[in-house]
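>>> What follows is a predicted protein model with its sequence.
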Amino acid sequence: MKAAVQPSLQGIVLVNKPAGLTSHDVVGFVRRTFKMRRVGHAGTLDPMATGVLVILLGNSTKLFDKFSSFDKTYRATLRLGLKTTTADITGDTLLERPCEAITEEQVRRTFVQFTGDIDQMPPMVSAVKHQGERLYKIARQGKQVERQARRVRIDELKVLKFSLPEVEFLMSCSKGTYVRQLAEDVGEVLGCGACISQIERTKVGPFDIKDAVTLEHLNEDHILKWSF
């Protein structure tokens, strides 16, 4: 017998997504937990990424565009000297170069070049569509396609910890800004190549990771009422 569907729950839940799950996996978990069908999310996090995922319940799913338009903040780690097929350490290696000569000051100066309004090419592992198909699905076939650069905005980009070959950094940015692509672009400027070894989304608009709940502790007490 199927569990009864809960039709009355409305609002949002801030989930601290663990690594290894897709955003769709989290939506499925929330559906089962609250026994309801109408659940969505605003602002995809891929399996490697962790952090704030805004889950929309009931009629709040109609607010998708507003929630997904919020600025984001990420805490991530740049792996210098390594370029991969996915722009992160889970991908196949395309090249490795020495990076011992790279200094923290060089990284800081390079970050300045990518602060403000910039044109950024969506990576092949993104959810952007090409002729109706998601780029990441095309990438899984080993293919590359022409993409159009998009104007994005990076408000803050700063080094938090410098320990070669890794650089931990903070990035606050507009929607549609790709941390992986930033890593590749920075690696090109530095001349050693780079990818991402860790990504955590710490903020979505007014929502901070300190207010997000893990899936293990999720219950109806964590539903927030929200209106624009």
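That came in fine, so what should we check first? Numbers count the residues shown, from 1 in each chain.
>>> contacting residues for the residue sitting nearest the centre point of the chain?
By Cα atoms, centre = their mean, the chain has its centre lying nearest to residue 45, at 4.5 Å. Neighbouring residues of residue 45 by Cβ atoms under 8 Å, 6 or more residues apart in numbering: 17, 23, 51, 53, 201. All C-beta atoms are positioned from the backbone trio N, CA, C, and that covers glycine.
>>> thinking the last one is in contact with residue 48, fair?
No. With contacts defined as Cβ atoms under 8 Å, residue 201 does not count as touching residue 48, sitting 11.6 Å away.
>>> mind checking how far the residue nearest to the centre of the chain is from residue 36?
Per Cβ to Cβ, to the nearest Å, residue 45 is found 22 Å from residue 36.
>>> ok, back up a step: residue 201 and residue 48: which is more packed in?
residue 201 (24 against 16; other Cβ atoms under 10 Å).
>>> Report the separation between residue 177 and residue 52.
From residue 177 over to residue 52 (counting by Cβ to Cβ), the distance is 15 Å.
>>> Same check on residue 173?
14 Å.
>>> Between residue 177 and residue 52, point out the one with more neighbours.
residue 52 (25 against 21).
>>> ok, the more buried one - contacts?
So residue 52 contacts 14, 15, 16, 17, 201, 202, 203, 204, 207, 208, 209, 212 (Cβ under 8 Å, 6+ apart).
>>> That one sits in which helix or strand?
Here residue 52 is covered by strand 50-57, with elements defined by DSSP states H and E.
>>> Just name whatever secondary elements the following helix or strand past that strand is in contact with.
Once strand 50-57 ends, the next helix or strand along the chain (criterion: DSSP H and E) is helix 64-68. Under the contact criterion of 3 or more Cβ pairs under 8 Å, 6 or more residues apart in numbering; DSSP states H and E, helix 64-68 touches strand 39-42, strand 50-57.
>>> how about the ones you listed in CSV, adding distance to residue 101 and mean pLDDT?
Output for the helices and strands packed on helix 64-68, formatted as CSV (distance: least, Cβ to Cβ, whole Å; pLDDT from 0 to 100):
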stretch, distance to residue 101, mean pLDDT
strand 39-42, 42, 94
strand 50-57, 32, 97
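>>> Could you dump those into JSON lines and include distance to residue 148?
Below are the helices and strands packed on helix 64-68 laid out as JSON lines (distance: least, Cβ to Cβ, whole Å):
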{"stretch": "strand 39-42", "distance to residue 148": "24"}
{"stretch": "strand 50-57", "distance to residue 148": "27"}
